[in-house]
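>>> Coordinates for the following, if possible.
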Amino acid sequence: QVQLVESGGGLVQAGGSLRLSCAASGSFFSINVMGWYRQAPGKQRELVATSTSDDSTNYADSVKGRFTISRDNAKNTVYLQMNSLKPEDTAVYFCHAKSRTTAYTPLYNYWGQGTQVTVSS
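Alright, predicted model coming up:
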């Protein structure tokens, strides 16, 4: 089982920056992928950025060049640095992890509770 706790959301003006953090805890063998998704009102949850255990990253086209995902494997923590924020970035941001309990069990998906990011124009 993995527990994900996010922090760092809030209200910021357009053009500003925020940094989200997500710390994983619990009992697990490995965390293969950590990342961020977001969900705006009336819209489906969408991928923002992911980071694998071998430092491979992936970004949604809408955030490329503005957001940076990083990961501290020793702390089981993932960060999302968000710069040049736009009103359309307003959403609840969810931390996500794919983890296995032992070396022989399948990967399971885990989600944080979400943190609100609001960008005013």
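
>>> Spatially, what comes nearest to the residue most central in space within the chain if we skip its sequence neighbours?
Against the mean C-alpha coordinate of the chain, by CA atoms, centre = their mean, the closest residue is Trp36 at 2.3 Å. Closest residue to Trp36 apart from its sequence neighbours, by CB to CB, 6 or more residues apart in numbering: Val48 at 4.3 Å. For every residue, glycine as well, the C-beta is placed using N, CA and C.

>>> can you count the residues close to Thr57?
Look at Thr57: counted by other CB atoms under 10 Å, it has 13 neighbours.

>>> Find the residue closest to Val63 in space, skipping its chain neighbours.
Spatial nearest neighbour of Val63, excluding adjacent residues (CB to CB, 6+ apart): Val48 at 5.9 Å.

>>> In three-state terms, label the one you found for me.
Classification of Val48 using DSSP: H, G, I helix; E, B strand; the rest coil returns strand.

>>> Can you get me a residue count around it?
By other CB under 10 Å, the residues close to Val48 number 24.

>>> now the residue located most distally from the centre of the chain: how far from Val33?
Taking CA atoms, centre = their mean, the residue of the chain most remote from its mean C-alpha position is Tyr104, at 26.0 Å. Distance of Tyr104 to Val33, given as CB to CB, to the nearest Å: 18 Å.

>>> What of Lys98?
Here Lys98 is placed at a distance of 4 Å from Val33 (CB to CB).

>>> so who does the residue nearest to Val63 touch?
With contacts taken as CB atoms under 8 Å, 6 or more residues apart in numbering, Val48 has the following neighbours: 35-38, 59-60, 63, 67, 80, 93.

>>> Ok, Ser84 next?
Shown in contact with Ser84 (CB under 8 Å, 6+ apart): 15, 17, 66.

>>> Point out where this structure drops to low pLDDT.
Nowhere does the chain drop to pLDDT under 70.

>>> Between which two of the contacts of Val48 is the distance greatest?
Tyr59 and Tyr93 (14.0 Å; CB to CB).

>>> who has more neighbours, these two?
Tyr93 (23 against 18).

>>> For the nearest residue to that one once chain neighbours are set aside, give the beta-bridge partners.
Distances taken as CB to CB, 6+ apart place Arg38 nearest to Tyr93, at 4.8 Å, with adjacent residues excluded. Per DSSP bridges, the residues bridged to Arg38 are Glu46, Tyr93.

>>> Please consider this matter closed, and thank you.
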